[in-house]
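> Sequence and predicted structure are below.
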There are 2 protein chains.
Amino acid sequence: MNIGEIAKRAGVSRSTVSYTLSGRRPVSEDTRQKIQRVIDELGYQPNATARALANGRTNTIGLVFPPAGNHYTGMQLDFIGSVTEAAAVYDYDVLLSPSGADRDRSFQRLMGERRVDGAILMEIRLRDDRLDHLTAADFPAVAIGRTAHPAGGWWVGLDHTALAAACVHHLADLGHRRVALVNRPVQLLRAGYESAHRGLDGFTKAAADRGLTVRTYCCGDDAASGLACLERILHDDPAITALVTLNEAALGGLYRGLARAGRQVPHDFSVTGIVANRWAETVTPRLTAADVPAEQMGRLAVELLVERLDHPDAPARHHLLEPPISLRASTAPAVRTAADPTNS
Amino acid sequence: MNIGEIAKRAGVSRSTVSYTLSGRRPVSEDTRQKIQRVIDELGYQPNATARALANGRTNTIGLVFPPAGNHYTGMQLDFIGSVTEAAAVYDYDVLLSPSGADRDRSFQRLMGERRVDGAILMEIRLRDDRLDHLTAADFPAVAIGRTAHPAGGWWVGLDHTALAAACVHHLADLGHRRVALVNRPVQLLRAGYESAHRGLDGFTKAAADRGLTVRTYCCGDDAASGLACLERILHDDPAITALVTLNEAALGGLYRGLARAGRQVPHDFSVTGIVANRWAETVTPRLTAADVPAEQMGRLAVELLVERLDHPDAPARHHLLEPPISLRASTAPAVRTAADPTNS
DNA sequence: GGTGATCGTCGAACCGGTTCGGATAGTTCG
DNA sequence: CGAACTATCCGAACCGGTTCGACGATCACC
């Protein structure tokens, strides 16, 4: 049931059917109706693959996310959802990059075999060879995240430096003097993940500015690791009164560790960090945190990509977001305990 | 840079290049090397769209999930991840169905325009017209979930009836006599979502068997609704000592409501339900719950679909999973309070 | 009534692969 | 040395659309 079949039954040529469908050339009202009747009757729908081949565009965008670990974190999945919904608005489908062990394969698959018109990349690293490749090949792509040298690129990023600093200032304003940072897993930090690096930078600098005593930890992306990490924190320095987490997957474990150690949140221990709304709202007490506006970022990334696809010569654009800290219930003024002076 | 270009530079015909790539006909070692050199030199990769058109298969499967509400729940997103990873194993890409307002549009887009070879459907309803359409059209599809009459279909499902019943029995064994059910939102129940219906059935029947006093509630898919729902529960019957939740997104709110009401979990209130591992591990105390093995289900769905695609005449197969309840820390024997006899 | 513009439609080429039948050259055998 | 056979490769058709140039019919106009 192809366009030739429709043409035959309507007694016209294939091109006439095509023009009635696309409207790129005038067709008389009579033949239009005749053709439309046949189409409705047979329930004909043009083959997307053939159309893509002829047009040179697939109307599909690729969403590339190398598997950080074995499982997906909530944040990654939020991006997937928002990108998909935003793409639908512009009549694009979203193809998920198969996240096989070797990232090159899926990458080549999407780009090299021209399965997609453009790509959105997640989990950006400070030095990201994927982006280098794409830039070199002039392949339309937009990054969710930004490299060490983002100038001249297409991206939508979160100012992790400023957000982590804001968390530190928030805690310092509340009187906390000894603060821990719970970062993403050490493999990700080593691999150069931008959120881990910029978050660490912002935390460290702001803490230095405020004269805080800090310790930084890397922590696996799951609740059990969070629990272990918190035990290590309290073991290393029992006088610590607050923490900033960049790791939302560990959040539940951190809370559980605090409860197990007999520390009440926020009464005698404050917790904050950079955590998506959905997760921050779910824990008890609700987390005071800088939101990760995943929905907005996904939407903006799609808008940038569509603009780039529609106007291949458009100058590069980007969005750097710095959402405010949402004050909820997990931070409180530090209580001067006996432990602090004796331990410092 | 197409196959003709390669052929020209290698001094052979297009078909010879094609056969060297596919290996479907013997090619002499000399020409093979000659062609391969040109391919490596130019970094040629065959165009997937053209190949799909010629082959009649796109090597892509569609993942269809109508938007339950405005946002994605964790469970939906877990399925997406697991399906994608499993599909990659079989060399399939995954196309996310654009979840526009009218579900028919995205549906037609994927199936009618033959953008995908097959589909995996999520969020199944007891009477699901999408599945009816697909079955009628003999389109290869596998459902994650099962309809009211699943016989003869391709699906992988969770026995929500048995799981909810198991939760009830677990609570009854612990001595609880007054138990609440927190279900999915009322719109989903009305729409006939199978998990909501079967879970409710299993809960109700098991409670009747054990002679429990129960109340059932529908609850929005977010923490705030969970909080409100819990307040309603305690208001309606302060003597309730346990709840079963089918709604994992509300879990955090339920916990927060209990804390606010001064009920210690599990000491004077037990919580259990059907909740994915990842969420159950994240709350404090960790939730005793029937796991939703999203990873396994996604993998099984892909395996069934691939089998169906490879063997169009294979008899229908399915998997009905009934994972055990993971005993964690959120349930405990009921304490006979004074409230119970007075209020009953 | 002939000329030129306009409208509607057709045929053919093309997108970039795959696949089938046949042609050519080289080999084997009687 | 010719016939039969095999190993290789080529050319053309095809997948299902889109698009360009051209052609015939209709119409306005002088």
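Yes, it's here. Numbers count the residues shown, from 1 in each chain, chains lettered A, B, ... in the order given.
> Assumed A:L181 was part of a helix.
No - judged by DSSP: H, G, I helix; E, B strand; the rest coil, A:L181 forms no part of a helix; its state is strand.
> Could you give the number of residues near the nearest residue to it once chain neighbours are set aside?
Leaving out its chain neighbours, the residue that sits closest to A:L181 by CB to CB, 6 or more residues apart in numbering or on different chains is A:T216, at 4.2 Å. Quick note: C-beta positions are derived from backbone N, CA and C, even for glycine. Residues lying near A:T216 (other CB atoms under 10 Å in any protein chain shown) number 17.
> Spell out which parts of chain A neighbour DNA strand C.
Neighbours of DNA strand C within chain A, by CB under 7 Å from any atom of the strand: A:11-16, A:19, A:25-28, A:30-32, A:50, A:53-54, A:56.
> Restricted to buried residues, select the residues you listed in ChimeraX.
This is the ChimeraX syntax for the buried subset of the residues of chain A next to DNA strand C, where burial follows 16 or more other CB atoms under 10 Å in any protein chain shown:
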select /A:12,16,19,27,31,32,50,53
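> Point out the ones among the residues of chain A next to DNA strand C that are inside helices.
Among the residues of chain A next to DNA strand C, DSSP state H puts A:R14, A:S15, A:T16, A:Y19, A:D30, A:T31, A:R32, A:A50, A:L53, A:A54 in helices.
> so which of these comes closest to B:D132?
A:A50 (28.1 Å; CB to CB).
> starting at the chain centroid, how far to the host helix or strand of A:L309?
Assigned by DSSP states H and E, A:L309 belongs to helix A:294-310. Mean-position distance between helix A:294-310 and its chain equals 12 Å (CA atoms, centre = their mean, to the nearest Å).
> got the buried residues for that helix?
A:294-306, A:308-309.
> tally of neighbours for the closest residue to A:R215 other than its chain neighbours?
Excluding the flanking residues, the one nearest A:R215 by CB to CB, 6+ apart is A:A180, at 5.0 Å. A count of nearby residues for A:A180, using other CB under 10 Å, gives 26.
> isn't A:A180 right up against A:T216?
Yes - counting by CB atoms under 8 Å, A:A180 touches A:T216, with 7.2 Å between them.
> And the nearest residue to A:C218 once chain neighbours are set aside, how far from DNA strand D?
Leaving aside its sequence neighbours, A:C218 sits nearest to A:V186 (CB to CB, 6+ apart; 3.9 Å). Computed as CB to the nearest atom of the strand, to the nearest Å, the A:V186 to DNA strand D distance reads 50 Å.
> Kindly state the pLDDT recorded for A:V186?
A:V186 carries a pLDDT score of 95 in this model.
> re earlier: looks like the residue nearest to A:L181 contacts A:N183 (just checking).
Yes - counting by CB under 8 Å, A:T216 does reach A:N183; the two are 6.2 Å apart.
> shared neighbours of the two, which are they?
A:L200 (CB atoms under 8 Å, 6 or more residues apart in numbering or on different chains).
> ok, now which ones touch the residue nearest to A:R25 when sequence neighbours are not counted?
Excluding its sequence neighbours, the residue lying closest to A:R25 (CB to CB, 6+ apart) is A:Y19, at 4.5 Å. A:Y19 makes contact with A:R25, A:P26, A:V27, according to CB under 8 Å, 6+ apart.
> export those residues to TSV and tack on distance to B:R232?
Below are the contacts of A:Y19 laid out as TSV (distance: CB to CB, whole Å):
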residue	distance to B:R232
A:R25	63
A:P26	63
A:V27	61
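> Same list (those) but as a markdown table, adding pLDDT and distance to DNA strand D.
Converted to a markdown table, the contacts of A:Y19 look like this (pLDDT from 0 to 100; distance: CB to the nearest atom of the strand, whole Å):
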| residue | pLDDT | distance to DNA strand D |
| --- | --- | --- |
| A:R25 | 96 | 7 |
| A:P26 | 95 | 11 |
| A:V27 | 96 | 11 |
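> distance of A:S13 from A:S270?
A:S13 sits 74 Å away from A:S270, going by CB to CB, to the nearest Å.
> what about A:L234, which helix or strand?
helix A:223-236.
> The closest residue to A:G273 other than its chain neighbours pairs with what?
For A:G273, ignoring the flanking residues on the chain, the nearest one in space by CB to CB, 6+ apart is A:T245 at 3.5 Å. Note on A:T245: beta-bridge partners by DSSP bridges are A:V182, A:G273.
> how close does A:A162 sit to A:D291?
From A:A162 to A:D291 the distance is 13 Å (CB to CB).
> Neighbour count for these two, which is higher?
A:D291 (21 against 17).
> per-residue pLDDT, the more buried one?
pLDDT, A:D291: 91.
> cool, A:Y72 as well?
So A:Y72 comes in at 60 (pLDDT).
> Mind jotting down where the helices sit in the stretch 1-150 of chain A?
Secondary structure of the stretch 1-150 of chain A, counting by DSSP state H, counting those that start in this stretch: helices at A:3-10, A:14-22, A:29-42, A:48-55, A:74-89, A:103-111, A:129-137.
> for the longest one, packing partners?
Taking 3 or more CB pairs under 8 Å, 6 or more residues apart in numbering or on different chains; DSSP states H and E as the contact definition, the neighbouring helices and strands of helix A:74-89 are strand A:60-64, strand A:93-96, helix A:277-280, helix A:294-310, helix B:74-89.
> Low-confidence regions, chain A specifically.
A:66-74, A:98-104, A:336-344 (pLDDT under 70).
> 80 instead, please
The model of chain A has pLDDT under 80 over residues A:65-77, A:98-108, A:336-344.
> Quick check, central residue of it?
A:F79 (4.6 Å; CA atoms, centre = their mean).
> List the contacts of it.
Here A:F79 is in contact with A:L63, A:F65, A:M122, A:I144, A:A294, A:M297, A:G298 (CB under 8 Å, 6+ apart).
> what's the spacing between it and DNA strand C?
Here the distance between A:F79 and DNA strand C works out to 31 Å (CB to the nearest atom of the strand).
> if I look at that residue, how far off is A:A249?
Taking CB to CB, one finds A:F79 at 15 Å from A:A249.
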